[in-house]
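> Next comes the sequence, and after it the predicted model I'd like to discuss.
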Number of protein chains: 2
Amino acid sequence: MPHAAATPQLLRRVNARSVLGVIRGTEVATGTELMARTGLTRASVIAVCEDLLRRGWIRELDARDEDQPGSPRKGRPARRFELNSRAGFVLGLDIGAATTTAAVADLRGTVLGRSSESFRAADIPAEERIDVVDRACRRALAAAGTSPASVLAVGAGIAAPVDRDGKVLVSQPFWSLFDVGLRSALKELHGWTVLLENDANLAALGERWRGSGAGVDDLVVLLAGERLGAGVMESGRLLHGRGGAAGEMGYLDLVQGVGSSDGIATLARQWSAAGGGPATGGEASARRVFEDAAAGDPAALAILDRLSERMARVIASVASFINPEQVVIGGAVAESAGALLPGITALLPRFTATPPRVTVSPLGDAIVTVGAIRHALDYVEANALELELGR
Amino acid sequence: MPHAAATPQLLRRVNARSVLGVIRGTEVATGTELMARTGLTRASVIAVCEDLLRRGWIRELDARDEDQPGSPRKGRPARRFELNSRAGFVLGLDIGAATTTAAVADLRGTVLGRSSESFRAADIPAEERIDVVDRACRRALAAAGTSPASVLAVGAGIAAPVDRDGKVLVSQPFWSLFDVGLRSALKELHGWTVLLENDANLAALGERWRGSGAGVDDLVVLLAGERLGAGVMESGRLLHGRGGAAGEMGYLDLVQGVGSSDGIATLARQWSAAGGGPATGGEASARRVFEDAAAGDPAALAILDRLSERMARVIASVASFINPEQVVIGGAVAESAGALLPGITALLPRFTATPPRVTVSPLGDAIVTVGAIRHALDYVEANALELELGR
DNA sequence: GTAATTTAGATACAAGCTAAATATATTGCC
DNA sequence: GGCAATATATTTAGCTTGTATCTAAATTAC
């Protein structure tokens, strides 16, 4: 069966989506502007707008509070429409092994509330874990001043492969809880639609939306923290692969001069191996390496040189096979990675024929929640006319 | 500007495309069958079919020559429609460094004619090179019994990166000729639309269409010959990357135990290093390795073991980052690679957590032309209603 | 030869769009 | 203050395409 038969109603749906898209992309829009941007006639534009007004997606501004110096203001005043950005809200979740962060955003993507909740221990039962996630959501919604009933979609990121349908492989003992379990729990509690995704994939969405990869269609985001994962966008679409494991970097074991998973832990290990300081591991010692290097300490500089080369090899291996326009380094190492950028950029041409631009994420800790919000908004925007509003 | 305004004519286009798609997928179709498959009413189906008949895309069969034992044959006889597979033709080109092969196919993809032409030397001028390609096309068309005017689209594969718009990087001194030069020459000579693609990408299209990857949405085809390249399909779409270099395997230089480009040349080199035979290089000696191995020669067996491991590493590196359902080995090594499959399959889990199914291409030398035909047909099918027929 | 069955064709109507004519509200000028 | 110019809004007629329903036609089965 191909797609259902195309009836005249399809036209309205297509055109309404198109008009709503333009309104979403501008502050306020008049009928004439919408005609120009959509190619529709005035009659159709007005009909669509009446429709969208009735459904609650847009609002009409009063005629009187116009004071923009935009145009010569001659002729009959135009009706002015704007997105009703408070018509509904979305939740973006970053579900980590130890902590869950929830962020609430309106339909323009403006973040209105945040909340983080930690798990009591690593081995708590499933119900408690879901409770903690739910609490983070409620608190973020309270901070945003809205209610669970106003949530149109929930984007959620976890540190495991998730396939195109939002399914987690059953072979993932820990994370598979968040597939059926979390989804049905939040559906039952609040009626929410949960869109599960891999955290690195969400990082890529976030980076392309509000990070340093804005508007780049062929983008790779390396999310480096406890784990090292890549979110790959090709032609503006996320890559998943058969089971959602696209972007997993297990192959790095095979790459010369890289070794296994990279990140802070490795950095700390190297630091301690260099004998230059207390091998306490963790973030603190990593920070000291950068401080010492900035102060000119040769041992610290050598560590950073080696680290630059390893990151260059990682990036090159991805770049030569995927050929992205840009690679963004995000996650826990992002803050410190800035110092390594010149070295990495200089080394890249040695390892790949298609060196990409390399940048560091400006989104910090929020990289996954921002992407989760974008993911939820994508869903809402694609299904706007099928969603019921106004609860 | 979003997509143009949706007018009522769009409905007809959508529904006509849908009807044509069903007819393309069946031998003959009655109105009632089309209603069931498209969800349209009889009136609409008939209107669309009259349209398609007038434009020449389908034919109506005579009422009298019906003798299928398909149905109980009661009631008023149905009008029967079939694809007019001779309404136009497509060309598939495999442009190699030494030889160009052209294949002609009808709208069902049945190959009707082939022709290969070799370049006189490696450094002949551009005009002569284009002449040779043109000659291969004309001879293939003559063999198929049709004329250049009936060609609706030309798919062409070259062994270099080609981006999404069919552009070749200027940094490719040899191949960039085939971008603007060949395209405009064939446009001028015959009015043809040339769709340039990377050869490995076309191999992937071909393998998914008529090879061992039929219907697999997440598919990687390794095209191994003079060069080693990969065609990557994710979710049924080809990956290109920013400059079309996605699937290039230069990163293998970084992979332990693989070395640089793989293939027959390497195999021959290894054979000669093993001291088991005349180091003449080339295909002949490669074939002897397999013969000797089949006969139980330990030196030859050792070479094949080592080769299996190297191919397993190559496949694993791709599989762990792209997570395809299946990897197909095609190109010059395909014939002999069958003997290596058990070894490769057994080794894969050692190198990747997501081992794909591995198969060998059944398409042989035709892998690129078959893919080029598929590529051209994709274009024709997507643009059927905008193309003029009947020249 | 008549009934049952299946498909074809015709008619009525609804949704949606365009195009063109008409109406309305504002600015600017005399 | 009144009037022209201007920009927008609204109305009306007509076209395309769809669905739904009814009637006609052609064939098989008994």
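Now that the structure is in, tell me what you want to look at. Numbers count the residues shown, from 1 in each chain, chains lettered A, B, ... in the order given.
> give me the beta-bridge partners of A:L195?
A:L195 forms beta bridges with A:G155, as assigned by DSSP bridges.
> Next, count neighbours for it.
Counted with other Cβ atoms under 10 Å in any protein chain shown, residues neighbouring A:L195 total 22. Where C-beta positions appear, they are placed from N, C-alpha and C, glycine not excepted.
> how far away is it from B:S44?
Note on A:L195: its distance to B:S44, by Cβ to Cβ, to the nearest Å, is 36 Å.
> Quick one: the strands in the stretch 51-200 of chain A, in order.
A:58-60, A:80-83, A:89-95, A:99-106, A:111-118, A:151-158, A:194-198 (DSSP state E, counting those that start in this stretch).
> Need the mean per-residue confidence for the first one.
Model confidence over strand A:58-60 averages 94 on the pLDDT scale.
> Same check on the second one?
Along strand A:80-83, the predicted confidence averages to a pLDDT of 94.
> Could you list the domains of chain A?
Following automatic domain parsing, one finds the domains of chain A at A:8-83, A:89-203+A:368-386, A:214-362.
> name the element A:E50 belongs to?
helix A:42-55 (DSSP states H and E).
> now for that helix, which elements pack on it?
Contacts defined by 3 or more Cβ pairs under 8 Å, 6 or more residues apart in numbering or on different chains; DSSP states H and E place helix A:42-55 against helix A:8-25, helix A:31-38, strand A:58-60, strand A:80-83.
> Can you find the helix or strand of chain A with the lowest average pLDDT?
Using mean pLDDT, DSSP states H and E, helix A:264-273 stands out as the lowest-scoring helix or strand of chain A, at a mean of 52.
> which strand residues sit across from A:V358 in the sheet?
Counting by DSSP bridges, A:V358 is bridged to A:V327.
> so what's it up against?
Contacts for A:V358 (Cβ atoms under 8 Å, 6 or more residues apart in numbering or on different chains) come out as A:I315, A:Q326, A:V327, A:V328, A:I329, A:L341, A:I344, A:T345, A:L348.
> List buried residues within those.
A:I315, A:Q326, A:V327, A:V328, A:I329, A:I344, A:T345, A:L348 (16 or more other Cβ atoms under 10 Å in any protein chain shown).
> In contact with the fourth one: list those residues for me.
Which is A:V328. Here A:V328 is in contact with A:204, A:207, A:211-213, A:219-222, A:358-361 (criterion: Cβ under 8 Å, 6+ apart).
> got a pLDDT number for the closest residue to DNA strand D within chain A?
At 2.0 Å from DNA strand D, A:G75 is the closest residue in chain A, using Cβ to the nearest atom of the strand. We have a pLDDT of 79 for A:G75.
> For B:E117, find the nearest of the domains of chain A.
domain A:214-362 (30.6 Å; Cβ to Cβ).
> Can you give me the first-to-last residue distance of that closest one?
Distance across domain A:214-362, first residue to last, is 11 Å (Cα to Cα, to the nearest Å).
> So A:L202 sits against A:A376, correct?
No. Here A:L202 does not reach A:A376: they are 10.0 Å apart, not a contact under Cβ atoms under 8 Å.
> Ok, which of the domains of chain A comes nearest B:E82?
The closest of the domains of chain A to B:E82 is domain A:8-83. By Cβ to Cβ, the value is 28.2 Å.
> how far does that closest one sit from the chain's center?
Centroid separation for domain A:8-83 versus its chain: 29 Å, with Cα atoms, centre = their mean, to the nearest Å.
> Now look at that domain and say if it contacts DNA strand C.
Yes. Using Cβ under 7 Å from any atom of the strand, we find that domain A:8-83 touches DNA strand C at A:8-9, A:11-12, A:15, A:39-44, A:47-48, A:63, A:72-77.
> will you turn the strands of the stretch 51-200 of chain A into TSV that also has distance to DNA strand D?
Converted to TSV, those look like this (distance: least, Cβ to the nearest atom of the strand, whole Å):
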stretch	distance to DNA strand D
strand A:58-60	9
strand A:80-83	8
strand A:89-95	29
strand A:99-106	26
strand A:111-118	31
strand A:151-158	29
strand A:194-198	32
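> how close does the residue in chain A sticking out farthest from the centre sit to A:T32?
Here chain A reaches farthest from its C-alpha mean at A:G75, the gap being 44.2 Å by Cα atoms, centre = their mean. The gap separating A:G75 from A:T32 is 10 Å, by Cβ to Cβ.
> Specify the angle between the lengthiest helix in chain A and helix B:298-322 in degrees.
Longest helix of chain A, by residue count under DSSP state H: helix A:298-322. Comparing the axes of helix A:298-322 and helix B:298-322 via axes from the mean of the first three to the mean of the last three Cα atoms, to 10 degrees yields an angle of 90 degrees.
> So is helix A:298-322 next to chain B?
Yes. Against chain B, helix A:298-322 shows contacts by Cβ under 8 Å from any Cβ of the partner chain at A:R313, A:A316, A:S317, A:V318, A:S320, A:F321, A:I322.
> contacting residues for the second one?
By Cβ under 8 Å, 6+ apart, the contact list for A:A316 reads A:L348, A:R350, A:F351, A:T352, A:P355, B:Y251, B:L254.
> before we move on, back to that, tell me the phi and psi of the residue of chain A closest to DNA strand D?
Main-chain torsions, A:G75, degrees, to the nearest 10: phi 70, psi 180.
> May I see the buried residues of stretch A:142-149?
Quick answer for stretch A:142-149 (16+ other Cβ under 10 Å): A:A144, A:T146, A:P148.
> dump the residue contacts of the residue lying closest to the last one once chain neighbours are set aside.
Counting by Cβ to Cβ, 6 or more residues apart in numbering or on different chains, A:H190 is the residue found nearest to A:P148 once chain neighbours are left out, at 4.3 Å. Contact partners of A:H190, counting by Cβ under 8 Å, 6+ apart, are A:P148, A:A149, A:V151.
> The first one touches A:R138, doesn't it?
Same thing as A:P148. Yes. Taking contacts as Cβ under 8 Å, A:P148 lies within contact range of A:R138: 7.0 Å.
> How confident is the prediction for the closest residue to A:V14 other than its chain neighbours, by pLDDT?
Nearest non-adjacent residue to A:V14, counting by Cβ to Cβ, 6+ apart: B:A6, 4.1 Å away. The confidence metric pLDDT takes the value 87 at B:A6.
> Identify the residues contacting B:A6.
B:A6 neighbours (Cβ under 8 Å, 6+ apart): A:L10, A:L11, A:V14, A:N15, A:S18.
> residues contacting the nearest residue to A:R80 once chain neighbours are set aside?
Nearest non-adjacent residue to A:R80, counting by Cβ to Cβ, 6+ apart: A:L61, 4.3 Å away. Going by Cβ under 8 Å, 6+ apart, A:L61 touches A:V28, A:R80, A:F81, A:E82.
> how far away is the nearest residue to the third one once chain neighbours are set aside from A:G229?
Yep, that's A:F81 we're talking about. Among residues not flanking A:F81 along the chain, A:I58 sits closest, at 5.0 Å (Cβ to Cβ, 6+ apart). Noted for A:I58: a distance of 38 Å to A:G229, by Cβ to Cβ.
> rewinding a little: farthest-apart pair in the contacts of B:A6, please.
Across the contacts of B:A6 (Cβ to Cβ), the longest gap, 12.5 Å, separates A:L10 and A:S18.
> So those two - more neighbours on which side?
When A:L10 and A:S18 are compared for neighbours, A:S18 comes out ahead with 23 against 17, by other Cβ under 10 Å.
> With pLDDT and distance to B:A372 as extra columns, can I get the contacts of B:A6 in JSON lines?
Output for the contacts of B:A6, formatted as JSON lines (pLDDT from 0 to 100; distance: Cβ to Cβ, whole Å):
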{"residue": "A:L10", "pLDDT": "94", "distance to B:A372": "35"}
{"residue": "A:L11", "pLDDT": "93", "distance to B:A372": "37"}
{"residue": "A:V14", "pLDDT": "94", "distance to B:A372": "34"}
{"residue": "A:N15", "pLDDT": "95", "distance to B:A372": "38"}
{"residue": "A:S18", "pLDDT": "95", "distance to B:A372": "36"}
